[in-house]
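Asks: fold the following, please.
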Amino acid sequence: MTEAVTHQPHHSHWHHPLLSRVSAREPLMWIALAIFASGWITFSLPNRAMPGTGGGGLDAIALMKLATRGAIWIIAGWLMTRVIYHRDSLSQLFEVRLMKTLRLLTPWIAFFGWAVCSFLWSPLKSVSIGQAIGLGSMLLLTTAVAVFATTREMREQILVCLNVMFVGYTGFVLVCHLIAPDSSGLLRDYSNVGAIGIVHPTAAGANASLGLMFAVWNWLRLPRSRSRTFCSVAIVMHVSLLLLAQSRTSLAMGLITVAIALAWGLSLQAKGKWVIAIATGMLAMVLVDPGFVLFGDAIDKAIEFVSRGQSSEDLKEVSGRAEMWSAIWHEFQSSIWIGHGYFVTSAAGKLDVWHSETNYTAHNIYLQLLVSTGIVGTAIFAWGAIRLLRELLWPPTQVQRQPHASIARELGWLRYLMVLAAFWYAGWTITCISFLGPVSTDSVFFFSLVGLCIATHLSCESTEAGALAI
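Replies: The predicted structure is shown next:
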């Protein structure tokens, strides 16, 4: 094979150390740092008020989170500048991938622009700007993953980083709950006016549920014993946190997606073993408990666990969300087209529900989109989602005919993960705003997964076959 010719940069007379060439693997370090910082710096403190709603500005925790998002902007901009500055073959590959990625993400970039512009009519300008910066940092993470993850090994390492992010978050919350249960937030003490603990139980449940699904997916596709051991430990940790968090939606979506993953990913022989094991267990239960007394007690305990002591009326009202959704819909009707400003759910900047006034989220991603960005913003976001799904799940002919078996297999597993994630987010976003809320592990995972799918999609294109050999 003829070696690729390395071209000198345009400005060969001046070499600034901050504008050195971007190596093939250097961006991986920055991507890993962005994943860990964005996923882990999401904590709060007991009784902490929602920043930007009390007239006191941003507190130290909010400033730390804002600094993390800002650092992603700076690092991403620095890497992209170095790519454009140099004209060697590797930089040209990065630049081609950047242009293609920006084309795919154009609708969501437009949505980000709309979110920024919405501060003009937002009653909580600092909230709208701050949350828009978080959204922008996630789009930059998507872009960086798509542009720089040019090889299967790099994409595999990013998947490892995401797995570690979930496990690290779960481990931190479990340790906090073990040391100081009252401050962890998992006890669901809603008597506090502000935050109920270091983490909200809903956020902890989401991390455990999505992390469980991701760990099972990794366990199914990784044959190595060491990798499977790590995934097994992760599964035990996530199940523990899932039970402690007592988040019904998280538990339901975790069980559903894990069941789908096992039904899809297990071999026929393994499925047969599971069927035999379940049948054996049922037979043993009948022999030990012929009157189903223990089984009935177990069902009662399960119902008690799921209900969390709430009455049937509370459950019908979806734990108060029906009241919230009614109030949100009323606010939406007062500004149908442009909304009230990104991440703001009322014209006044505060909503009077649940015996207090604050800038509540809609607890439903579709209502959140409508009330905060209006029909215009919702249409732009939906355009982006549909375009990405069409491009990634039904790629062009040259991608479908990719001859490289390893890339084809990788793309198959990623599409499998996309389907699992789609099931999870479809259920989770009914009662939560998820990846359009404050940056959290589930939003980091969502935008990283989009980047990985775009990266693999680009690597499948025949025009890159020679460049990837560099």
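
Asks: what sits against the closest residue to residue 71 other than its chain neighbours?
Replies: The spatial neighbour of residue 71 that comes closest, neighbours along the chain excluded (Cβ to Cβ, 6 or more residues apart in numbering), is residue 37 at 7.3 Å. Every residue, glycine included, has its C-beta placed from N, CA and C. Taking Cβ atoms under 8 Å, 6 or more residues apart in numbering, we find residue 37 in contact with 68, 71, 72.

Asks: now residue 417
Replies: Taking Cβ under 8 Å, 6+ apart, we find residue 417 in contact with 214, 217, 449.

Asks: what about burial for those residues, which qualify?
Replies: 214, 217, 449 (16 or more other Cβ atoms under 10 Å).

Asks: which regions of the protein sit below the pLDDT cut-off?
Replies: 1-24, 45-58, 85-89, 188-196, 271, 289, 291-320, 394-407, 461-470 (pLDDT under 70).

Asks: how about the strands in it?
Replies: For the chain, the strands defined by DSSP state E occupy 351-353, 356-358.

Asks: quick revisit: ok, the contacts of residue 417 vs residue 160, which is closest?
Replies: Closest to residue 160 out of the contacts of residue 417 is residue 214 (11.1 Å), distances taken as Cβ to Cβ.

Asks: you'd agree that closest one is up against residue 167?
Replies: No - between residue 214 and residue 167 there is no contact under Cβ atoms under 8 Å: 9.9 Å.

Asks: how near is the residue nearest to residue 71 to residue 418?
Replies: 25 Å (Cβ to Cβ, to the nearest Å).

Asks: before we move on, what about residue 458?
Replies: 16 Å.

Asks: which one's more surrounded, those two?
Replies: residue 458 (22 against 18; other Cβ atoms under 10 Å).

Asks: separation between the more buried one and residue 68?
Replies: 28 Å.

Asks: repeat that for residue 215.
Replies: Applying Cβ to Cβ to residue 215 and residue 68 gives a distance of 25 Å.

Asks: and these two? which has more neighbours close in?
Replies: A count of neighbours by other Cβ under 10 Å puts residue 215 above the other of residue 215 and residue 68, at 26 against 19.

Asks: my guess is the more buried one contacts residue 235. True?
Replies: Yes - assessed by Cβ under 8 Å, residue 215 is found in contact with residue 235 at 4.9 Å.

Asks: what about residue 268, how many residues nearby?
Replies: Neighbours of residue 268 using other Cβ under 10 Å come to 6.

Asks: nope, residue 423 is what I meant
Replies: Neighbours around residue 423, by other Cβ under 10 Å: 16.

Asks: and the one 10 residues further on, by the same measure?
Replies: Neighbour count of residue 433, defined by other Cβ under 10 Å: 22.

Asks: the one 10 residues further on too?
Replies: Burial measure for residue 443: 24 neighbouring residues, criterion other Cβ under 10 Å.

Asks: show me the contacts for it.
Replies: When contacts are counted by Cβ under 8 Å, 6+ apart, residue 443 touches 138, 434, 435, 436, 437.

Asks: how about a cut-off of 10 Å?
Replies: Contacts for residue 443 (Cβ atoms under 10 Å, 6 or more residues apart in numbering) come out as 38-39, 42, 134-135, 137-138, 141, 206, 433-437.

Asks: can you check residue 201 too?
Replies: 173, 184-189, 241, 244-247, 250.

Asks: any of those buried? List them.
Replies: By neighbour count, with 16+ other Cβ under 10 Å, the contacts of residue 201 hold 173, 184, 185, 186, 241, 244, 245, 246, 247, 250 as buried.

Asks: in CSV: these, plus distance to residue 30.
Replies: What follows is the buried ones among the contacts of residue 201, written out as CSV (distance: Cβ to Cβ, whole Å):
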residue, distance to residue 30
173, 26
184, 31
185, 31
186, 33
241, 29
244, 34
245, 32
246, 37
247, 33
250, 31
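
Asks: that's all I had, so thanks and see you.
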